[in-house]
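Enquirer: below is the sequence, then the predicted model.
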Amino acid sequence: MQLTIKNYMKKLLFLLMLSITVWSCKKETEFVYEVNDVQVGKDKIGKGISKSTVEFISIAYSDLVGSTISQNDLSKVTLLYLAFGDKRLLEDLLIKNIVNSELVNISTNEVMRADVTAFVNNTYLKLFNREPNELELFNLKKQITENISITPKLIYYAMMTSDEYRYY
Amino acid sequence: MSSFIPRRNFIKKAAIAATGAIVVPYILPSGRLFAATGNRIANHVVFCLFAGGIRNIESVGQERGNLLPSLLGGAGTVDPIIAAGMSPLPAFAGNSLKSQGTLYRQFRYAEGPTGHFNGHSTALTGNYTLQDLSIREAPKMPTIFEYYRKHSSPEQNALNAWWVANSLGPYPSLNFSSHPGYGALYGANFVQPLTLISENGANALSNPIAFSSDEIAKVNEMRNNFNASFSKSGVFKENAIVNGLADRDLLQNYIRQQLLDALGGAYENPWGAGTSMNDDMYNIFFAEKILEQFKPELLVVNMQGVDIAHSDFTQYCNNLRKADFAVGHLWQTIQNTPGLANDTILIVAPEHGRNLVPNTIVDNYGQAALDHNSDATSREIFCMVVGPPGKVQQNQVITQITGESIDIAPTIARILGFDQDVPGGMLPGRILNEALV
């Protein structure tokens, strides 16, 4: 009988050790909150070629008007560029003029505010040729929703005079 | 002992650091404290490149009559053989420029090919270029604009330095050099008004959207966010000068106003010269607008209408008269502009001359045309230094061979007080001291 008890105690101890081992090795639960991994570093945007003057004018016209600039008009504007030393100044002035012209073909304020996320995504694709990262999307959406006076024209002007727009 | 710096020591070190921060930026590469801007002769210089290739025979030599009445004085009587080919011009009202300065009758473009771009480059860099220049390439030696902006104390912004050219081609390249340590950062504002202030210019640039200050603040905030995501600065493929943001606004408003004025017809006959108004005169007219608006300390403007001499000698003489009228008008505008009057020195010189022997092209008046192939006559030019009494020697004519093209840049440096700060050997010419008081 003693042997039986001894055996029983042994088995009980084994089971106890086994259960401790099993329970202590249980894989920790990984909680996944519904947030995607994001890349927010500066060097994740693979653009390394600076637009030439002619390329800049042609692309800017196309982005704002929605059609290709005629070769004649492109030649005329390129000549204007040659006639002034500060190219950035002239480029800025040119964009301000196209944004203000009747030819401009960009979203209205109402369309933008009806679906801000879609507007931001589409505008990044159109002007920067890429989707915005999460931080960029958050920032621009926040600015649009918190500032009623921000219009698509303001956003286009800011993007087209940014550093990234000079590259492709 | 406490790890904290004792209060007295802290104050002492902070004072030394603050003093250093204030003083160090003013120690120049030459080792001097402060540049010699207090040693200026005048606060403004306008250099008019009376270019296109002009022989002394027709200019100061007056072999075909007095084609330069504004510069030299006297009646503008023209050789009867070509008189019928002259355009009517308003009479120049005022004292001759010669009477208000010093005329070097025998100035020299001594070395290098007698090409227009070579001549311009030599005058603006103060260094001869011995190889033929015609491509659109920045000069290898710094321009007078770069010396001025870099070596003045404090450093000057581009709004104070202008290069106003009457044509494109290679001339936009003359506002800064490719020299290490200089370049676009110290370049001048370049403008070629005849292209910019035009119907094309008005169509493309005269109607910009006007943003409120609140909207501009929002644009800046958004742009900063966009730039924060991008590792490269927005550099231009084409190397170019960049004005500060405040100056950029001033310049954009200025361009826009010029375009609106042009559209409104204000520039159709601005000098009462009717159809006689040529590109040279318009270029000087726009240079005057820049002088009135920005009162720059250094402005260089050129004319090249006389280059028609390659095929039409009579029109060469006619355009010489127009260039003379334009320079007279320019000087009067300077004297009528507060801030510039009595504080501006005007230097006038062709970039080079023309050959003694004409070519075989004969014009409607039986006159043979003139090229420029680096013969001795094509190196003979004149130079005039005009300015207020007390700054410039008045009514002086130097008849012996004195001065050359490379002397103009160091003379400008002397007038604006930074000649001692230009590193040794970079400006081999001498200062035209005979003309200065």
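Expert: Right, received. Where do you want to start?
Enquirer: the residue nearest the centre of chain A in helix, strand or coil?
Expert: Nearest to the geometric centre of chain A sits residue A:132, at 1.0 Å (Cα atoms, centre = their mean). When classified by DSSP: H, G, I helix; E, B strand; the rest coil, residue A:132 comes out as coil.
Enquirer: so who does it touch?
Expert: With contact set as Cβ atoms under 8 Å, 6 or more residues apart in numbering or on different chains, residue A:132 has these partners: A:120-121, A:124, A:140. To be clear about C-beta, it is placed using only N, CA and C from the backbone, and glycine gets the same treatment.
Enquirer: which residue is the nearest non-sequential neighbour of residue B:196?
Expert: Excluding the flanking residues, the one nearest residue B:196 by Cβ to Cβ, 6 or more residues apart in numbering or on different chains is residue A:83, at 4.1 Å.
Enquirer: doesn't residue B:195 make contact with the one you found?
Expert: Yes. Under the criterion of Cβ atoms under 8 Å, residue A:83 makes contact with residue B:195 at 3.8 Å.
Enquirer: hang on, isn't residue A:86 packed against residue B:241?
Expert: Yes. Using Cβ under 8 Å, residue A:86 makes contact with residue B:241 at a distance of 5.5 Å.
Enquirer: all helices for chain A, in order.
Expert: Assigned by DSSP state H, chain A shows helices spanning A:2-24, A:53-65, A:71-82, A:87-100, A:109-114, A:116-128, A:134-146, A:152-160.
Enquirer: where's the residue nearest to residue B:78 when sequence neighbours are not counted relative to chain A, distance?
Expert: Distances taken as Cβ to Cβ, 6+ apart place residue B:65 nearest to residue B:78, at 4.0 Å, with adjacent residues excluded. Separation of residue B:65 from chain A (Cβ to the nearest Cβ, to the nearest Å): 36 Å.
Enquirer: residue B:185 now?
Expert: Taken as Cβ to the nearest Cβ, the span from residue B:185 to chain A is 13 Å.
Enquirer: quick one, what contacts that residue?
Expert: By Cβ under 8 Å, 6+ apart, the contact set of residue B:185 is residue B:241.
Enquirer: also residue B:92?
Expert: Applying Cβ under 8 Å, 6+ apart, we find residue B:92 in contact with B:69-70, B:76, B:324-325, B:328.
Enquirer: ok so, going back, which of the helices of chain A sits most buried?
Expert: Ranked by mean neighbour count, those are led by helix A:152-160 with a mean of 23 (mean count of other Cβ atoms under 10 Å in any protein chain shown).
Enquirer: just the C-alphas of that helix, formatted as PDB.
Expert: Written as PDB, here are the backbone C-alpha positions of helix A:152-160 (Å, rounded to 0.1, in the frame of the first residue of the first chain):
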ATOM      1  CA  PRO A 152      -7.700  72.500 -53.600                       C
ATOM      2  CA  LYS A 153      -5.900  75.400 -55.300                       C
ATOM      3  CA  LEU A 154      -3.900  76.200 -52.200                       C
ATOM      4  CA  ILE A 155      -2.900  72.500 -51.900                       C
ATOM      5  CA  TYR A 156      -1.900  72.200 -55.500                       C
ATOM      6  CA  TYR A 157       0.200  75.400 -55.200                       C
ATOM      7  CA  ALA A 158       1.900  74.100 -52.100                       C
ATOM      8  CA  MET A 159       2.600  70.700 -53.600                       C
ATOM      9  CA  MET A 160       3.800  72.100 -56.900                       C
END
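Enquirer: for that helix, packing partners?
Expert: In terms of contacts (3 or more Cβ pairs under 8 Å, 6 or more residues apart in numbering or on different chains; DSSP states H and E), helix A:152-160 is packed against helix A:53-65, helix A:87-100, helix A:109-114, helix A:116-128, helix B:213-228.
Enquirer: just to revisit the earlier point, JSON lines for the contacts of residue B:92, including distance to residue B:186, secondary structure and neighbour count?
Expert: Below are those laid out as JSON lines (distance: Cβ to Cβ, whole Å; DSSP: H, G, I helix; E, B strand; the rest coil; neighbours: other Cβ atoms under 10 Å in any protein chain shown):
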{"residue": "B:69", "distance to residue B:186": "38", "secondary structure": "helix", "neighbour count": "21"}
{"residue": "B:70", "distance to residue B:186": "34", "secondary structure": "helix", "neighbour count": "26"}
{"residue": "B:76", "distance to residue B:186": "41", "secondary structure": "coil", "neighbour count": "18"}
{"residue": "B:324", "distance to residue B:186": "33", "secondary structure": "helix", "neighbour count": "25"}
{"residue": "B:325", "distance to residue B:186": "34", "secondary structure": "helix", "neighbour count": "27"}
{"residue": "B:328", "distance to residue B:186": "32", "secondary structure": "helix", "neighbour count": "23"}
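Enquirer: need the max-distance pair from these.
Expert: Of all pairs drawn from the contacts of residue B:92, the widest gap by Cβ to Cβ lies between B:76 and B:328 and measures 10.8 Å.
Enquirer: ok, the contacts of residue B:92 vs residue B:262, which is closest?
Expert: Nearest member of the contacts of residue B:92 to residue B:262, counting by Cβ to Cβ, is residue B:325, at 21.3 Å.
Enquirer: quick one on the thing from earlier: so which of the contacts of residue A:132 also contact chain B?
Expert: Among these, the ones lying near chain B by Cβ under 8 Å from any Cβ of the partner chain are residue A:140.
Enquirer: what's the closest of the contacts of residue A:132 to chain B?
Expert: Of all the contacts of residue A:132, chain B sits closest to residue A:140, with 7.1 Å by Cβ to the nearest Cβ.
Enquirer: which residues touch the closest one?
Expert: A:120, A:132, A:155, B:222, B:225 are the contacts of residue A:140 under Cβ under 8 Å, 6+ apart.
Enquirer: could you chop chain B up by domain?
Expert: B:42-194+B:276-435, B:198-266 (automatic domain parsing).
Enquirer: quick one: residues in contact with stretch B:211-226.
Expert: Residues outside stretch B:211-226 that contact it (Cβ under 8 Å, 6+ apart) are A:136, A:139-140, A:143, A:147, A:149-150, A:154-155, A:157-159, A:161-164.
Enquirer: the residue of the stretch 51-200 of chain B found nearest chain A - how many residues pack around it?
Expert: Residue of the stretch 51-200 of chain B nearest chain A, by Cβ to the nearest Cβ: residue B:190 (3.2 Å). For residue B:190, the neighbour count with other Cβ atoms under 10 Å in any protein chain shown is 26.
Enquirer: checking it next. Helix, strand or coil?
Expert: Recorded secondary structure, residue B:190: strand (three-state DSSP).
Enquirer: isn't it right up against residue A:81?
Expert: No. If you go by Cβ under 8 Å, residue B:190 and residue A:81 don't touch, sitting 11.4 Å apart.
Enquirer: residue ranges with poor pLDDT in chain A?
Expert: A:1-5, A:19-46 (pLDDT under 70).
Enquirer: meant to ask about the stretch 101-250 of chain B, not that
Expert: In the stretch 101-250 of chain B (pLDDT under 70), the answer is B:132-135, B:232-238.
Enquirer: next, the contact list for the closest residue to residue B:169 other than its chain neighbours, please.
Expert: Of all residues not flanking residue B:169 in the chain, residue B:136 sits nearest, at 7.3 Å (Cβ to Cβ, 6+ apart). When contacts are counted by Cβ under 8 Å, 6+ apart, residue B:136 touches B:169-170, B:172-173.
Enquirer: ranges for the helices of the stretch 51-200 of chain B?
Expert: Per DSSP state H, counting those that start in this stretch, the stretch 51-200 of chain B carries helices over the ranges B:69-72, B:80-83, B:116-125, B:144-151, B:193-196, B:199-205.
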